[in-house]
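Peer 1: kindly generate the corresponding structure for this input.
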Amino acid sequence: MIKLDKKITAFIKLGEYLRREKVDSKLCSQIVKTENNNRWFTFKNSLHALKVWGNTLRKENILKWTHKYKLVNKKIKQVGIIMAGNIPIVGFHDLLCVLFTNHIAIVKTSSSDPYLIPFLYNKLVEFESGFSERAIFKNKIDFVDAVIATGNRITIKNINEKFQFCPSILRGPRNSIAILDGKETEEELKLLSNDIFEYFGFGCRSITKIYVPINYDFSLLKKILKEKTESTRLIEYVDSFRKNKAINEIIKNKFHIAGKLILTEDKNIHAEISSVNYEYYPNMDWVSKEIKSISKNIQCIVRRTNRDNFVKFGEAQKPNLWTYADNIDTVDFLSSL
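Peer 2: Purely as a prediction, here's the structure:
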């Protein structure tokens, strides 16, 4: 069993590796393979995700995260991790949690993202040989002691049926929202455009719905989103934009065009790729009640406030190590096995 200080040192070294100014040839090769496998995972987006992890795996963050827990020696369990593939490296946090809690990870990566996470795990093994054989990558998971899975509703339903007798964390689809008050600065709206458009809006932390006050002036937001999206050339995204624009025109929805992004008046917090929904609100009491009624479908809320339950503009796609998906503490779950 690896001592905690050795694990922490390995995590720190991985962060340092990912923060290097120049990407080495081996990592570059994996990023290229990832893009060739899945055109939505562009070189730029995968590199961005890796840099976010590099900044996350800093000594101060790792110590803050690990010092919260008092781990005791228990039986080692095999924990199945069935990873999503909506954005690059999205399942890596679950793997870190399993390694941190001394269990063995049986990992099924998404077919959309099969290269980067095994590569990062192998780097950890380079930095700390004790991690060797603590993660096993498989195309299919059958027999495990516990399961952590993320996917769409059908996938989660099937996994729940297959592993119904195992302790589990099962995460279905969620979306994220932003609340605007009309007083946002240009810089704040630029940061919001990152929360909306990074990874083309595929992440559960991507903003897919904004709440705006009645008579909100969309001019500045549209200008910023146009600048953000206008240079996008990925044919799959452009096709999605054209399709959604045509549909909105046919059904005569109220919508705005902001470059290659559509802002549609719609109550739904889920939006199609290349579009974001918006809804007018009369007052903040109304917003609070609305959010409470759909809280189970919300991953995070972006707003210009310092309150703990809100995320600052530009930070939606940069969760901390202690920011757990669906607000379920993965380390607590693993420690209880």
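Peer 1: distance check, the most centrally placed residue in the chain against Lys7.
Peer 2: Centroid-nearest residue in the chain: Gly203, 4.9 Å away (criterion: CA atoms, centre = their mean). Distance of Gly203 to Lys7, computed by CB to CB, to the nearest Å: 27 Å. All C-beta atoms are positioned from the backbone trio N, CA, C, and that covers glycine.
Peer 1: quick one: contacts of stretch 83-92?
Peer 2: Contacts with stretch 83-92, where a contact means CB atoms under 8 Å, 6 or more residues apart in numbering, come from 34, 38, 41, 45-46, 49-50, 53, 81, 94, 107-113, 116-117, 120, 150-151, 171, 199, 202-204.
Peer 1: for ChimeraX, write a command that selects the buried ones of those residues.
Peer 2: Under the burial definition 16 or more other CB atoms under 10 Å, those of the contacts of stretch 83-92 that qualify are selected in ChimeraX by:
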select :34,38,41,45,46,49,50,53,81,94,107,108,109,110,112,113,116,117,120,150,151,171,199,202,203,204
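Peer 1: tell me which of the contacts of stretch 83-92 fall in strands.
Peer 2: If you go by DSSP state E, the contacts of stretch 83-92 have Ile81, Val107, Lys108, Thr150, Arg171 in strands.
Peer 1: now the residues you listed in CSV, with distance to Glu249 and pLDDT?
Peer 2: As requested, those are exported to CSV (distance: CB to CB, whole Å; pLDDT from 0 to 100):
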residue, distance to Glu249, pLDDT
Ile81, 43, 98
Val107, 44, 98
Lys108, 41, 98
Thr150, 35, 95
Arg171, 35, 96
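Peer 1: return the member of the residues you listed nearest to Ser336.
Peer 2: Ile81 (16.7 Å; CB to CB).
Peer 1: the closest one reaches Asp94, doesn't it?
Peer 2: Yes. Between Ile81 and Asp94 there is a contact at 4.9 Å, judged by CB atoms under 8 Å.
Peer 1: need the overlap of contacts for these two.
Peer 2: What both Ile81 and Asp94 touch, as defined by CB under 8 Å, 6+ apart, is the set Ala105, Ile148.
Peer 1: now Phe202, nearest residue through space, not along the chain?
Peer 2: Asn86 (4.4 Å; CB to CB, 6 or more residues apart in numbering).
Peer 1: state the distance from the closest residue to Ala325 other than its chain neighbours to Ala178.
Peer 2: Excluding its sequence neighbours, the residue lying closest to Ala325 (CB to CB, 6+ apart) is Arg171, at 5.5 Å. When distance is defined by CB to CB, Arg171 is 21 Å away from Ala178.
Peer 1: need the contact list for the residue nearest to the centre of the chain.
Peer 2: Contacts for Gly203 (CB under 8 Å, 6+ apart) come out as Asn86, Ile87, Val90, Ser176, Gln317.
Peer 1: that's a helix at Lys26, yeah?
Peer 2: Yes. Assessed with DSSP: H, G, I helix; E, B strand; the rest coil, Lys26 lies in a helix.
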